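Undergrad: A predicted structure for the sequence below; I have some questions about it.
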Amino acid sequence: MGRSRRGQIDVNEQAKTANALGNGEALRIPKTAELVADRIRARIITGELAEGDSLPPEGQLMEQFGISRPTLREAFRILETERLIAVSRGSRTGARVSLPHVSSVSRYASFVLQANAVEVPDLFEARLAIELFAVRRLAKKGSKAKLKKLRAEINRIEALTEGTSTQEFFSEFLEMHRLLVELGGNETLHFVIQMLQGLMNQAVLKIVALNEETTEREKKKVIKSYRNLIDLIEAGDPEAAAKHWRLHLINANKRWDYDGTLRDIFKD
């Protein structure tokens with residue numbers, strides 16, 4: 001297949017490049033459909049194509065890439081599997097762009113951790129490491145707007161506290177943990193905590209259900225600890241804030257002590 005027009009896929013050139021890079025070693029040559037998927041994927045990831053945009057009609061794409069309809073549809077199947085497009089069969093609109101979402105990763109990540117029998121304390125240790133970094137960063141660079149968000153969240157939770165069950169009480173705090181990392185300002189860690197958030201939420205609520213109810217006094221103690229954290233962040237003392245939060249999380253993990261694996265928690 002030659003390159004008679006700009007944008008068409010030249011498989012022979014791809015093979016020559018792969019052989020040159022491999023210094024004669026046998027390398028797998030990507031299928032034409034994979035190369036087409038690569039091109040479309042790049043347009044989505046770089047923002048050239050936005051959420052909800054329709055891809056050009058099949059005929060136009062076939063001409064652009066110099067490929068057959070079966071090859072194009074195989075490329076579409078690749079992108080559908082990656083949840084980067086949604087194809088409406090029999091519709092004139094064809095394929096529409098769906099930008100990558102953390103939820104697409106989160107569910108699969110949960111399956112991986114469960115399949116590998118990761119222990120529950122391991123998950124909580126990961127949260128501790130991430131949140132301590134976020135707390136230190138907030139204490140160093142936290143703006144008034146970020147502190148205002150934290151205080152608004154703890155005020156909201158406190159207003160809902162009285163009369164709630166232990167599960168309801170702690171389910172409200174799960175969003176506070178995510179917010180801490182978001183406001184910490186590291187996008188990669190925020191992505192990681194969002195990816196793990198659903199799994200953490202399920203684990204916490206499952207463990208809470210196995211324990212006795214939390215008293216109103218204990219609830220107030222938890223809220224006070226959060227307020228102390230915000231005060232230390234506002235004071236611009238990263239080490240004191242991190243020390244306080246480390247102790248808070250360690251005690252919380254002990255309170256909901258569970259030595260089993262994630263697989264054990266979700267087998268019922």
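TA: That came through fine.
Undergrad: show me what the helix or strand encompassing A159 is packed against.
TA: If you go by DSSP states H and E, A159 is part of helix 144-161. If you count contacts as 3 or more Cβ pairs under 8 Å, 6 or more residues apart in numbering; DSSP states H and E, helix 144-161 packs onto helix 166-184, helix 216-234. Where C-beta positions appear, they are placed from N, C-alpha and C, glycine not excepted.
Undergrad: now the ones you listed in JSON lines, with mean pLDDT and distance to E51?
TA: Listed next are these as JSON lines, based on pLDDT from 0 to 100; distance: least, Cβ to Cβ, whole Å:
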{"stretch": "helix 166-184", "mean pLDDT": "88", "distance to E51": "21"}
{"stretch": "helix 216-234", "mean pLDDT": "93", "distance to E51": "34"}
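Undergrad: tell me which of those helices sits most buried.
TA: Comparing the helices and strands packed on helix 144-161 by mean neighbour count (mean count of other Cβ atoms under 10 Å), helix 166-184 ranks first with a mean of 18.
Undergrad: helix or strand next in line after that helix, which one?
TA: Next element after helix 166-184 (DSSP H and E): helix 187-210.
Undergrad: packing partners for that next one?
TA: Using 3+ Cβ pairs under 8 Å, 6+ apart as the contact test, the elements touching helix 187-210 are helix 102-115, helix 120-141, helix 166-184, helix 262-266.
Undergrad: how big is the angle separating it from helix 166-184?
TA: Orientation check (axes from the mean of the first three to the mean of the last three Cα atoms, to 10 degrees): helix 187-210 against helix 166-184 gives 170 degrees.
Undergrad: pull the residues that contact helix 187-210.
TA: 102, 105-107, 109-110, 113, 120, 123-124, 126-127, 130, 133-134, 166-167, 170-171, 174, 177-178, 181-182, 184, 256, 258, 262, 265-266 (Cβ atoms under 8 Å, 6 or more residues apart in numbering).
Undergrad: could you list the buried residues of that helix?
TA: Buried positions in helix 187-210, judged by neighbour count with 16 or more other Cβ atoms under 10 Å: 189-190, 192-201, 203-204, 206-208.
Undergrad: can I get it in CSV, CA atoms only?
TA: Only the C-alpha atoms of helix 187-210 are listed here, as CSV (Å, rounded to 0.1, in the frame of the first residue of the first chain):
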residue,chain,number,x,y,z
GLU,A,187,-2.7,16.1,39.3
THR,A,188,-1.1,12.7,39.1
LEU,A,189,-1.8,11.9,42.8
HIS,A,190,-5.3,13.2,42.4
PHE,A,191,-5.8,10.8,39.6
VAL,A,192,-4.5,7.9,41.6
ILE,A,193,-6.7,8.7,44.6
GLN,A,194,-9.8,9.0,42.4
MET,A,195,-8.9,5.7,40.8
LEU,A,196,-8.7,4.1,44.2
GLN,A,197,-11.6,6.1,45.7
GLY,A,198,-14.4,3.7,44.9
LEU,A,199,-12.5,0.7,46.2
MET,A,200,-11.6,2.6,49.4
ASN,A,201,-15.2,3.7,49.9
GLN,A,202,-16.4,0.1,49.6
ALA,A,203,-13.7,-1.2,51.9
VAL,A,204,-14.3,1.4,54.6
LEU,A,205,-18.1,1.0,54.6
LYS,A,206,-17.9,-2.8,54.6
ILE,A,207,-15.5,-2.7,57.6
VAL,A,208,-17.6,-0.1,59.4
ALA,A,209,-20.6,-2.4,59.1
LEU,A,210,-18.7,-5.1,60.9
